[in-house]
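Trainee: after the sequence you'll find the predicted model.
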Amino acid sequence: MTEIVETCLMDLPTTDDPREMLFWVDRWAAALSDDPETVLGLVDTLSDADTESTDNCLALLSRILDEARMNRENEGSGPRDFFQILAGGLAERTEEGKLGAETCFQLCQAYLRSGLTPPDQLRTAPDAFEALAEDEIPELPDVADLAEALVPEGSTPFETYTGLREIVGAMPAQMTTAFLTQMIVQGDPRMIAVGRYFLLDPVAEMRGAAIAGFELLAGNANVDAALLSDLILIRNWLPNGKALDTLIKAALRREPSGGNVPRPWQLHRVMTSLPDGTGSQSILGVCSRGGTRAVAAVMIKEGHGIKDAYVIPCTSRGDQKTIVEQIEQVMTMHDVLPAYITPAIRCALADGQARGAVTAQGFLDVAPMFGIGDVTPQPGGNTALFAAVDPDGELAALSDNRRSRLINKSRDWFSEHDISSSWFASDATLMAALEEASSTHSANKIVAGRLEEGRERWAKRFARSALILRHDRSAPPEAWMSFAVVAQALEAGQEIKKIPVFEDILGQTLEVAAARAMDDLDEDLEWDNGDFETPEIEPERPGELTKLLKGSPLKPDQIDGYLTAVLIAPEFTPPNEWLMPLMDGIEVKGHGSIQRILDILMLRYGALNEAVILGVVGVEVTDLPLKRFQAWTEGFAQAVDGIKGAWPKRALSRNDKSVLNLIRNAATEDLTPTLKPFLPSCRVAVKSEI
């Protein structure tokens, strides 16, 4: 067992609090999702673990796979061959007999829960399904009863589908196909309702098996009008919808009738977030049907269409209200007119189909709740999206001056829209390029180039935002017009540097890159009850930092003062929040790289943190000559005034405020005799507030 796996298992919560378990899963999933060898080490512990620990580890494995899948989708950092390495290691362990049948089955379920196809070597069949391994597909009696016995009693069709796919999908491919085909072709209404979801399953073989089953069902004249209507809709939601044409034509020839058509839902309220930096947004609908209440949810993601869709059942009007309020506390939502739904979903479906994405299975339930059960993809790409944003051609009538003002208004977006905190570029290629940047200027140039390459994606995100704000009940007209005009400018080829919002996006991208560089260093750090251990970094050589900072306004003593202020501040500040105010605008023209400067920063941070713990931080400051002392006070004041929230006035005594004013003035005046005697008491007073 590797040390990191041992640490992970020792970190398992000892209580039954589900929140602690969720925190453990999220924490370790993020740490392990780019390390397939360690994940394999975690798998090796499953056979020896007790049932409870096994369940916890499987939950973690499922979350790791989910993180790795999203990382791949977003072109994030981490090994591109993560899944190949993992599958190879699992296959090797299976062949060597190190993984029992039950463990293989559980691992398959972890893959399936993450929307992934399990490796073939893991897939095994329970004894009850051995007949399905025969060359010819057997006739199975009462598949509906068998299927329902595999899921909790009283499950809805969607819940039955969810539970069933984790069992059937863990069997060898031939058995999966045979079971699903027989389940549908036998014509039991319960299983037909479940089978519709398999037509939208992310695993291709399950979709194929469902299509085969419905083709046989249509050939037997067992497709009624209600089911045919569903099949026609699903055809429009699949990238290879033509695969359903044969069965649809066969059903149409028989002129079907009948079937159960549920009562329509009432849509009371529609809310949506703006698209984030990955092009993802959430749309919610507050719905009712008779005495039944629910919240319908759809997640749209750029390049993936309808990425997720689900229904949140509500026990009462009050329960429904509470759920909506909880969601609004987590993310900023815009109340929009119901008319927003159709163009937004149509454009999302078209975007997903263009990339070969399959619409989320839950959309079968959610679409009727939004009143768009017959929605189809919108052809025309960005042109159609712009037409939906501005159907009356208002933008074409704008003067050049008005258009320029609307573009300049984008400088306010970061302060007006919380979602802007996610607007940055972070793909692995960009992050790797930034690691090699030798100066802030070169880093700016690299990011600007990447933003230029992504102008079409940003144009689409801003156009989608304009569509939302156009339908927002409370947003002023300038809000949607500003987003729409910026999107048009990007489409027309206007230079990114002339669009103010991209200054913020560029700056935020650099902040994220710096934070990730710090996170990489943190992997070698151990934080335990405030203790800090310096990572294994080459020690700083005498005069090295001075050479690295040559040509920049930063000085080593200034950095020490800055870091001291960070460490003794009343409020803790993570590295990503204090690093950029220090490095922003600094041109590094010395003999090293930004990475080496960051390494030395962390070495000094670690040494100063140890001095804080021992109560001796800043003692050496009183012996500094005037110029170096002034540099130290300049850095200290820079941190106090530049790091938002670290030094709140409410946490400072009158004496602290007086000393801080002296420190500010000491950067330009010789206040050494006055200030130095106060520094120890200031440090002690402020640190005692923490």
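Mentor: Thanks, I have it.
Trainee: from now on I want contacts and neighbour counts done on CA atoms only, so please keep to that.
Mentor: Fine.
Trainee: check what pLDDT residue 473 gets.
Mentor: Residue 473 carries a pLDDT score of 87 in this model.
Trainee: now do residue 395: how many residues are near it, please.
Mentor: 17 (other CA atoms under 10 Å).
Trainee: you'd agree it is up against residue 486?
Mentor: No: proximity of residue 395 to residue 486 does not meet the contact threshold set by CA atoms under 8 Å, at 11.2 Å.
Trainee: help me confirm that residue 295 is found in a strand?
Mentor: Yes: with DSSP: H, G, I helix; E, B strand; the rest coil as the criterion, residue 295 is located in a strand.
Trainee: next up, the contacts around it.
Mentor: Residue 295 makes contact with 284-287, 311-314, 320, 324, according to CA atoms under 8 Å, 6 or more residues apart in numbering.
Trainee: just the mean pLDDT for stretch 216-226, thanks.
Mentor: Averaging the model's pLDDT scores along stretch 216-226 yields 85.
Trainee: stretch 94-105 too?
Mentor: Taken as a whole, stretch 94-105 has a mean pLDDT of 87.
Trainee: next, the distance between the ends of it.
Mentor: Counting by CA to CA, to the nearest Å, the length from the leading to the trailing residue of stretch 94-105 is 12 Å.
Trainee: can you tell me what sits against that stretch?
Mentor: Counting by CA under 8 Å, 6+ apart, the neighbours of stretch 94-105 from elsewhere in the structure are 46-47, 93, 121-124, 170.
Trainee: tell me if residue 311 really is in a helix.
Mentor: No: remark: residue 311 does not belong to a helix; assigned using three-state DSSP, it is strand.
Trainee: going forward, the N-terminal residue is numbered 512.
Mentor: That works, and once the first residue is 512, the last one we named lands at residue 822.
Trainee: okay, now it: neighbour count?
Mentor: The number of residues packed around residue 822, counting by other CA under 10 Å, is 18.
Trainee: same check on the one 3 residues further on?
Mentor: Under the neighbour criterion other CA under 10 Å, residue 825 is assigned a count of 18.
Trainee: and it, its phi and psi?
Mentor: When read as degrees, to the nearest 10, the backbone of residue 825 gives phi -120, psi 140.
Trainee: so it bridges to which residues?
Mentor: Under DSSP bridges, the beta-bridge partners of residue 825 are residue 804.
Trainee: tell me the contacts of it?
Mentor: With contacts taken as CA under 8 Å, 6+ apart, residue 825 has the following neighbours: 803-806, 831.
Trainee: I'd like those as a markdown table, with pLDDT and distance to residue 850 appended.
Mentor: Putting the contacts of residue 825 into a markdown table (pLDDT from 0 to 100; distance: CA to CA, whole Å) gives the following:
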| residue | pLDDT | distance to residue 850 |
| --- | --- | --- |
| 803 | 94 | 23 |
| 804 | 96 | 21 |
| 805 | 96 | 20 |
| 806 | 96 | 18 |
| 831 | 94 | 22 |
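Trainee: related to what we said a few turns ago, buried subset of the contacts of residue 806, written for ChimeraX?
Mentor: A single ChimeraX command suffices to select whichever of the contacts of residue 806 are buried according to 16 or more other CA atoms under 10 Å:
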select :795,796,797,798,822,825,831,835
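Trainee: can you redo the contacts of residue 806 as JSON lines with distance to residue 706?
Mentor: Shown next, in JSON lines, are these (distance: CA to CA, whole Å):
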{"residue": "795", "distance to residue 706": "26"}
{"residue": "796", "distance to residue 706": "26"}
{"residue": "797", "distance to residue 706": "27"}
{"residue": "798", "distance to residue 706": "25"}
{"residue": "822", "distance to residue 706": "18"}
{"residue": "823", "distance to residue 706": "21"}
{"residue": "824", "distance to residue 706": "22"}
{"residue": "825", "distance to residue 706": "26"}
{"residue": "831", "distance to residue 706": "30"}
{"residue": "835", "distance to residue 706": "31"}
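Trainee: closest one of the contacts of residue 806 to residue 962?
Mentor: Taking CA to CA as the measure, residue 795 is the one of the contacts of residue 806 closest to residue 962, at 30.5 Å.
Trainee: where does residue 1051 land in three-state SS?
Mentor: In terms of secondary structure, residue 1051 is coil; the call rests on three-state DSSP.
Trainee: touching, it and residue 1111? I think so.
Mentor: Yes: contact criterion CA under 8 Å: residue 1051 and residue 1111 qualify, at 6.3 Å.
Trainee: of those two, who's got more company?
Mentor: Higher neighbour count among residue 1051 and residue 1111: residue 1111, with 19 against 15, using other CA under 10 Å.
Trainee: which other residues reach stretch 853-863?
Mentor: Stretch 853-863 has contacts (CA under 8 Å, 6+ apart) with 748, 750, 811-817, 869-870, 883, 886-890, 892, 895-896, 899, 975, 978.
Trainee: from the contacts of residue 806, pick the one nearest residue 703.
Mentor: Residue 703 has its nearest neighbour among the contacts of residue 806 in residue 822, at 20.0 Å by CA to CA.
Trainee: quick check: chain neighbours aside, which residue is closest to that closest one?
Mentor: Leaving aside its sequence neighbours, residue 822 sits nearest to residue 807 (CA to CA, 6 or more residues apart in numbering; 4.7 Å).
Trainee: out of the contacts of stretch 605-616, which are buried?
Mentor: Buried by 16+ other CA under 10 Å: 557, 604, 632-635, 681, out of these.
Trainee: return the item of these having minimum pLDDT.
Mentor: Comparing pLDDT over the buried ones among the contacts of stretch 605-616, residue 635 scores lowest. The value there is 73.
Trainee: what secondary structure does that one sit in?
Mentor: Using three-state DSSP, the three-state assignment for residue 635 comes out as coil.
Trainee: ok, residue 550 next?
Mentor: Applying three-state DSSP: residue 550 is helix.
Trainee: tell me how far the closest residue to it other than its chain neighbours lies from residue 1106.
Mentor: Here the nearest residue to residue 550 in space, its sequence neighbours aside, is residue 543; by CA to CA, 6+ apart that works out to 6.7 Å. The spacing between residue 543 and residue 1106, counted by CA to CA, is 24 Å.
Trainee: which one of those two has more residues nearby?
Mentor: Shown here are residue 543 and residue 1106; by other CA under 10 Å, residue 543 has more neighbours (23 against 17).
Trainee: what about the more buried one, distance to residue 780?
Mentor: Distance check for residue 543 against residue 780: by CA to CA, it reads 40 Å.
Trainee: the most centrally placed residue in the chain sits in which helix or strand?
Mentor: Averaging the C-alpha coordinates of the chain gives a centre point, and the residue nearest to it by CA atoms, centre = their mean is residue 581 (7.1 Å). Under the criterion DSSP states H and E, the helix or strand holding residue 581 is helix 562-584.
Trainee: and that helix, how far from the chain's centre?
Mentor: Helix 562-584 has its C-alpha centroid displaced from the chain centroid by 15 Å (CA atoms, centre = their mean, to the nearest Å).
Trainee: by mean pLDDT, flag the weakest helix or strand of the protein.
Mentor: Least confident element among the helices and strands of the chain, by mean pLDDT, DSSP states H and E: strand 1038-1039 (a mean of 39).
Trainee: contact partners for the closest residue to residue 705 other than its chain neighbours?
Mentor: For residue 705, ignoring the flanking residues on the chain, the nearest one in space by CA to CA, 6+ apart is residue 668 at 5.1 Å. Under the criterion of CA under 8 Å, 6+ apart, the contact list for residue 668 reads 701, 704-705.
Trainee: quick one: residue 668 from residue 704, how far?
Mentor: Taken as CA to CA, the spacing of residue 668 relative to residue 704 amounts to 6 Å.
Trainee: ok, now residue 809?
Mentor: Residue 809 sits 21 Å away from residue 704 when distances are taken as CA to CA.
Trainee: strands of this structure, start to end?
Mentor: Taking DSSP state E as the criterion, the chain carries its strands at 777-783, 791-800, 803-812, 816-825, 845-847, 1038-1039, 1042-1043.
Trainee: what is the orientation angle of the first one with strand 791-800?
Mentor: Which is strand 777-783. Relative orientation of strand 777-783 with respect to strand 791-800: 160 degrees, computed using axes from the mean of the first three to the mean of the last three CA atoms, to 10 degrees.
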